[in-house]
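> can you look at this prediction? I've put the sequence above it.
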Amino acid sequence: MLTRLRVSGFKNLVDVDISFGPFTCIAGANGVGKSNLLDAILFLSALADGPLLDAALSVRDQGAKTGDIRGLFHHVGDVYDEEMTFQAEMVIPEHGTDDLGQKAKASATFVEYTVALRYKRDEGARALGSLELVKEELKHITLGEAAQHLPFGPSRAWRDRVVKNQRRTPSYISTKGTGPDRVINVHQDGGSSGKPQKILAANLPRTVLSAANSAESPTATLVKREMQSWRLLQLEPSSLREPDNFTAPPELASDGAHLPATLFHLAAGTNGSSLES
């Protein structure tokens, strides 16, 4: 569950800070950035799923595959920002699986993820330009801090049940340095004082989070899973009414397709057995 998003330097979003509750309505005049805010969420989801370039192409110009990636950056006239930054706070499931189906258990379930990207000119054959990872961080938010970070005012019982933290040191992923030699540190999930894994940031093709697995980084893996689940639904009535067969994917498509299969999957999971007609 995404609970707060701060964005700066992405499209027309500058120093935007929005908190989300169980139901949040975003309203405003045309051109103020409502769609761009949704694009920012989808962009973060794509960054957790694949290469930086693919994430950029997935949101730029409604999925168009031509043009300059610089168009993702905030600009006034012909003057573009060089960096974009995102900071997302979210509640994640305590249990889940990685890309290989291996089980993962989070040592903290309320976290803050930060990523900063810089436009990188490409003098080679690719005229699109590219993105460079400037900063990436993942840290937990403690139960004591949770009330200040959840403005929709959940009950103390809800916080005690949902916000888990079995880790003393706050960082799972951190960045050291600012120049070309900066490194992304991946810290041991158990909070051990052992040396972190160091990854040179300058030429990374994707975020460190997107490569997380349950064996080395179970909490980061479940953060990745949460971000991958973020979807924009633009429901279309005829798609919602279409029947499904038993082999249909149990996930709602962006236009509302596979609603029967999704409801069947949810009911079967809730009841512990398949539905009876």
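Great, that's in hand.

> give me the most central residue, this structure.
Residue closest to the average C-alpha location in the chain (C-alpha atoms, centre = their mean): residue 227, at 3.3 Å.

> residue contacts, that residue?
With contacts defined as C-beta atoms under 8 Å, 6 or more residues apart in numbering, residue 227 is in contact with 44, 45, 47, 48, 49, 88, 90, 113, 209. All C-beta spots, glycine's among them, are computed from the backbone N, C-alpha and C.

> same thing with residue 183?
175, 176, 177, 198, 199, 200, 201.

> hmm, back to that, now the residue nearest to the centre of the chain, nearest residue through space, not along the chain?
Take residue 227 and drop its neighbours on the chain: the residue closest to it by C-beta to C-beta, 6 or more residues apart in numbering is residue 48, 3.8 Å away.

> give the contact list for that neighbour.
Counted by C-beta under 8 Å, 6+ apart, residue 48 has contacts 207, 209, 210, 223, 224, 227, 228.

> what pLDDT is listed against it?
Turning to residue 48, the model gives it a pLDDT of 96.

> do you know how far it is from residue 131?
To residue 131, residue 48 is 14 Å away according to C-beta to C-beta, to the nearest Å.

> with residue 27 instead?
Distance from residue 27 to residue 131, by C-beta to C-beta: 31 Å.

> so which of those two has more stuff around it?
Applying other C-beta atoms under 10 Å to residue 27 and residue 131 shows that residue 131 carries more neighbours, namely 23 against 6.

> touching, the more buried one and residue 119? I think so.
Yes. Using C-beta atoms under 8 Å, residue 131 is in contact with residue 119, at 6.9 Å.

> shared neighbours, those two?
Common neighbours of residue 131 and residue 119 (C-beta under 8 Å, 6+ apart) are residue 69.

> if you average pLDDT over the helix or strand harbouring residue 3, what comes out?
Residue 3 is located in strand 2-8, with elements delineated by DSSP states H and E. Across strand 2-8, pLDDT averages out at 96.

> before we move on, the earlier item: over to the residue nearest to residue 227: give its phi and psi.
Torsion angles at residue 48 (phi, psi; degrees, to the nearest 10) stand at phi -80, psi 0.

> and the gap between it and residue 249?
Look at residue 48 and residue 249: by C-beta to C-beta, they are 20 Å apart.

> contacting residues for the closest residue to residue 129 other than its chain neighbours?
What sits nearest to residue 129 in space, not counting adjacent residues and going by C-beta to C-beta, 6+ apart, is residue 69, at 4.5 Å. The neighbours of residue 69, taking C-beta under 8 Å, 6+ apart as the test, are 53, 56, 57, 60, 119, 128, 129, 130, 131.

> ok, residue 17 next?
4, 5, 6.

> for residue 18, see how far away the last one is.
Distance of residue 6 to residue 18, given as C-beta to C-beta: 8 Å.

> same question, residue 196
32 Å.

> quick check, pLDDT for residue 203.
86.

> what is the neighbour count of it?
9.

> hmm, back to that, more neighbours: residue 6 and residue 18, which one.
Per other C-beta under 10 Å, whichever of residue 6 and residue 18 has more neighbours is residue 6, with 18 against 15.

> spatially nearest residue to the more buried one (excluding sequence neighbours)?
residue 87 (4.2 Å).

> residue 43 now?
residue 59 (4.8 Å).

> contacting residues for that neighbour?
Counting by C-beta under 8 Å, 6+ apart, residue 59 touches 39, 42, 43, 46, 72.

> any idea how far the first one is from residue 71?
When distances are taken as C-beta to C-beta, residue 39 and residue 71 turn out to be 12 Å apart.

> between the two, which one's more packed in?
Ranked by neighbour count (other C-beta under 10 Å), residue 39 and residue 71 place residue 39 first, with 21 against 15.
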